[in-house]
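Engineer: Provide a 3D model corresponding to the input given below.
(one chain, ligands or ions: 1)
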Amino acid sequence: MKTVVSLSGGLDSTVLAAYLLNTGHDVRAVSFTYGQRHARAELAAATAVAEHLSIPHAILSLEGITSQMDPASSQLLVANPAQSVPEGHYAAATMAATVVPGRNLLMIAAAAAYAASHGADAVALAAHAGDHPVYPDCRPPFLMAAGAALALGYDMNLLFPFADRTKTGIVITGAAIKAPMHLTWSCYNGGPQHCGRCGTCVERYEAFRESGFCDPTTYADTTLAQEVTAR
Ligand SMILES: [Zn+2]
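Structural biologist: A predicted model of the protein is given here:
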């Protein structure tokens with residue numbers, strides 16, 4: 001199966017790309033720019049992962065759309081005047097501030113259009129169970145409906161094999177198949193190293209700790225992550 005994987009450069013999509021390769025897929029990767037404050041680090045990670053896995057990689061811009069959005073609608077957008085990302089656990093209600101309106105739908109549509117142009121049979125997303133509290137468009141009912149639309153319109157599959165898997169489960173899978181997790185980037189702040197305090201840093205810290213595998217990440221500060229994940 002020729003499959004286009006949405007590769008953010010984070011843990012989940014990196015493990016998914018390696019998992020698809022391991023299960024015989026002919027994989028291409030696409031990453032997205034959408035005005036995210038962590039674009040530089042994220043896209044560098046995605047590029048490094050694609051090179052490591054020897055898969056074609058394209059960076060698609062959604063900025064024509066997101067640049068017209070109200071910057072105040074998401075703390076993730078670099079244009080947001082507040083310039084801050086909420087700290088704490090990834091599943092906390094405060095993380096709703098990181099939602100970019102329609103982001104997953106835009107990514108699915110763009111990846112599907114790109115896949116169709118390359119004669120691919122499927123688009124794969126790394127949505128996982130930890131996304132469900134905050135991101136309605138990462139939940140299985142939404143993904144099944146989007147998959148039905150792709151099947152009807154383009155005879156294309158939407159794959160989301162990690163939808164019921166925890167982040168810890170993804171780390172365990174990644175370690176088993178030697179996915180290049182050391183090259184990945186999770187931090188929403190996009191500084192010189194992982195901040196250790198934003199929702200995705202705390203989630204990453206917790207997943208490695210629970211998995212029992214060595215965390216290859218350098219964090220600027222782990223005090224909050226230790227405190228939150230010990231609860
Ligand atoms: Zn962070």
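Engineer: can you give me how far whichever strand in the chain runs longest is from the chain middle?
Structural biologist: When the chain is parsed with DSSP state E, its longest strand is strand 26-33. The chain centre lies 12 Å from the centre of strand 26-33; the measure is CA atoms, centre = their mean, to the nearest Å.
Engineer: check which residues of it are buried.
Structural biologist: Neighbour counts over strand 26-33 (16 or more other CB atoms under 10 Å) mark 27-32 as buried. All C-beta spots, glycine's among them, are computed from the backbone N, C-alpha and C.
Engineer: and if you look at stretch 68-85?
Structural biologist: 69, 74-77, 80, 85.
Engineer: what does this protein have sitting close to the ion?
Structural biologist: 187, 189, 195, 198, 201 (CB under 5 Å from the ion).
Engineer: if we use 8 Å, what do you get?
Structural biologist: 85, 186-189, 191, 194-202, 219 (CB under 8 Å from the ion).
Engineer: out of those, which sit inside helices?
Structural biologist: Residues of the residues of the chain next to the ion located in helices (DSSP state H): 199-202.
Engineer: before we move on, the earlier item: need the buried residues of strand 26-33 in CSV (columns: pLDDT).
Structural biologist: Listed next are the buried residues of strand 26-33 as CSV, based on pLDDT from 0 to 100:
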residue, pLDDT
27, 98
28, 98
29, 98
30, 98
31, 98
32, 96
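Engineer: can you name the next helix or strand after the helix or strand harbouring residue 64?
Structural biologist: Counting by DSSP states H and E, the element that carries residue 64 is helix 63-66. Following helix 63-66 in sequence order, the next helix or strand is helix 103-117 (DSSP H and E).
Engineer: now the nearest residue to residue 194 once chain neighbours are set aside: how far from residue 63?
Structural biologist: Closest residue in space to residue 194, ignoring its immediate chain neighbours: residue 187 at 4.3 Å, by CB to CB, 6 or more residues apart in numbering. Remark: distance between residue 187 and residue 63 (CB to CB, to the nearest Å) = 21 Å.
Engineer: who has more neighbours, those two?
Structural biologist: Ranked by neighbour count (other CB atoms under 10 Å), residue 187 and residue 63 place residue 187 first, with 25 against 14.
Engineer: list the contacts of the more buried one.
Structural biologist: 38, 41, 193-195, 198, 200-201 (CB atoms under 8 Å, 6 or more residues apart in numbering).
Engineer: what about residue 138, how many neighbours?
Structural biologist: Residue 138 - counted by other CB under 10 Å - has 21 other residues nearby.
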